[in-house]
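**Q** Pasting the sequence and the predicted coordinates here, then a few questions.
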Amino acid sequence: MGKNSDLPTIAIIGAGLAGLTCATALRGLAHVELFEKSVFVGGRISRYQFGEYRFNHGDQYFTVSNPLFLNIVEAWKSSGLVRACDGWMVELERGRINNLENTTQRYTGYPSMQALADNLAHHCQVHLSTVIAEMESLPGGGWRLFDNRGGYRGRYDIAVLATAAPQTAGLAEVSDEIRRLARQVDMTVCWSAMLVFDSSLGLPFDSAFVLDSPLSWISRFQSAHEDIDDTSERWLLYCSPEWSLEYAASFRGRVMHALIDAFFEAVDLPPVKPSASSVHCWKHALPINPIDRESLLDPAVGLGACGDWCAAPRIEGAVLSGFSMADRIMSYINDQYGD
């Protein structure tokens, strides 16, 4: 047990909000390492870069319903990481703008959503651009991890899968319950597009839910973190799950042209060619049918699983699942290694 200490070792696969929250909650109680396949931490609130342009291309805001999460958000606000959304959010149908009855408070990360993940990761040991492809359960307990290039990534007492449900099911071969429950979860597909224009389009709103369109949501991207030319303007587009599924296997160029056309049809403006653009397909965007458990732990093999597919979609569900996973692991450590 332990890496240069008497603390148990824990490997967390996935450095989204669930994995980062779990790792942060276990500081001082275990030696924790996270393995993230992307070049950035954060999962669906991570940044995306093409050329000189950087976007936060995942969730743009979040809401609060749980008292524990409200306390967390208040702490984020006090530290300057979170602000209330103050942009004009509307409903849009082929150029017709309808005001929303906004009774729900929405929050966003500051200077961008990525700041929430970066703040958590600052206190964690994270291995980026690392795809864990194989996990070997050892007869005497513990795990050996291997990446997709066959490289050995170390031995750990406990492993946690903080990945999307399909990826969790693929890695949880030795745990019948975790594999079975993860396989039950259906995930939506979502195409997103990022557009840069040399000058403002003159649209009066900041974000919109789009009706009767391949698009479901559009948002003017703003970040106080970056030095952006005042004359340029950036927009994020998200497609509906139905359209995204239908075109899931389409070429990126075809999708890009379709989404640009859909954007200008939705805002009822003559098309303008963007100066830069990119598209991204979220293959596991949102869980349709969460399993109604905050996290999972199989004590027989020392394997856990967490993420927003467990109890509730979106940011709140991911954070609460990470805390729940940490609580389960603390109890497991006390049972296994306590005096």
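**A** Looks like it arrived, so ask away.

**Q** Just confirm residue 141 is within a helix.
**A** No: applying DSSP: H, G, I helix; E, B strand; the rest coil, one finds residue 141 to be coil, outside a helix.

**Q** how many neighbours does it have?
**A** Residue 141 is flanked by 13 other residues according to other CB atoms under 10 Å. Yep, even glycine has a C-beta here, placed from its N, CA and C like the rest.

**Q** Check the gap between the closest residue to it other than its chain neighbours and residue 333 for me.
**A** Closest residue in space to residue 141, ignoring its immediate chain neighbours: residue 302 at 6.3 Å, by CB to CB, 6 or more residues apart in numbering. Per CB to CB, to the nearest Å, residue 302 is found 10 Å from residue 333.

**Q** Next, show the common contact partners of these two.
**A** Shared contacts of residue 302 and residue 333 (CB atoms under 8 Å, 6 or more residues apart in numbering): residue 158.

**Q** Could you give the number of residues near the residue nearest to residue 141?
**A** Residue 302 has 24 neighbours, counted by other CB under 10 Å.

**Q** now do the one 10 residues further on
**A** Using other CB under 10 Å, residue 312 has 18 other residues around it.

**Q** Do you know the pLDDT at residue 5?
**A** Per-residue confidence (pLDDT) for residue 5: 59.

**Q** what does residue 254 give?
**A** 95.

**Q** ok, and what's touching the helix or strand encompassing it?
**A** Assigned by DSSP states H and E, residue 254 belongs to helix 252-267. The contact list for helix 252-267, computed with CB under 8 Å, 6+ apart, reads 92-95, 191, 193, 195, 201, 203, 208, 210, 213-215, 218, 235, 237, 239, 247, 270-272, 274, 277-279, 281.

**Q** How far does that helix sit from its chain's centre?
**A** The chain centre lies 24 Å from the centre of helix 252-267; the measure is CA atoms, centre = their mean, to the nearest Å.

**Q** Over to stretch 178-197?
**A** Mean-position distance between stretch 178-197 and its chain equals 10 Å (CA atoms, centre = their mean).

**Q** cool, stretch 53-73 as well?
**A** Relative to its chain's centre, stretch 53-73 lies at 10 Å (CA atoms, centre = their mean).

**Q** Flag every buried residue along that stretch.
**A** Within stretch 53-73, the residues that count as buried by 16 or more other CB atoms under 10 Å are 53-62, 64, 69, 72-73.

**Q** that older thread, which of the contacts of helix 252-267 are buried? Put it as a ChimeraX command.
**A** To isolate the buried members of the contacts of helix 252-267 in ChimeraX, using 16+ other CB under 10 Å:
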select :92,191,193,195,203,208,210,213,214,215,218,235,237,239,247,274,277,278,279,281
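
**Q** In strands only, show me the contacts of helix 252-267.
**A** Within the contacts of helix 252-267, residues falling in strands by DSSP state E are 92-93, 191, 193, 195, 208, 210, 215, 218, 235, 237, 239, 277-279, 281.

**Q** of all those, which comes closest to residue 114?
**A** Closest approach between these and residue 114, by CB to CB: residue 278, at 16.8 Å.

**Q** Quick check: bridge partners of that closest one?
**A** Per DSSP bridges, residues listed as beta-bridge partners of residue 278: residue 194.

**Q** Touching, it and residue 50? I think so.
**A** Yes: counting by CB atoms under 8 Å, residue 50 is a contact partner of residue 278 at 4.2 Å.

**Q** Can you pull the residues that touch both of those two?
**A** Listed contacts common to residue 278 and residue 50 are residue 194; contacts here mean CB under 8 Å, 6+ apart.

**Q** Checking the residue sitting nearest the centre point of the chain next. Helix, strand or coil?
**A** What sits nearest the mean C-alpha location of the chain, by CA atoms, centre = their mean, is residue 44, with 2.4 Å. Three-state call for residue 44 (three-state DSSP): helix.

**Q** and it, how far is that from residue 299?
**A** Distance from residue 44 to residue 299, by CB to CB: 29 Å.
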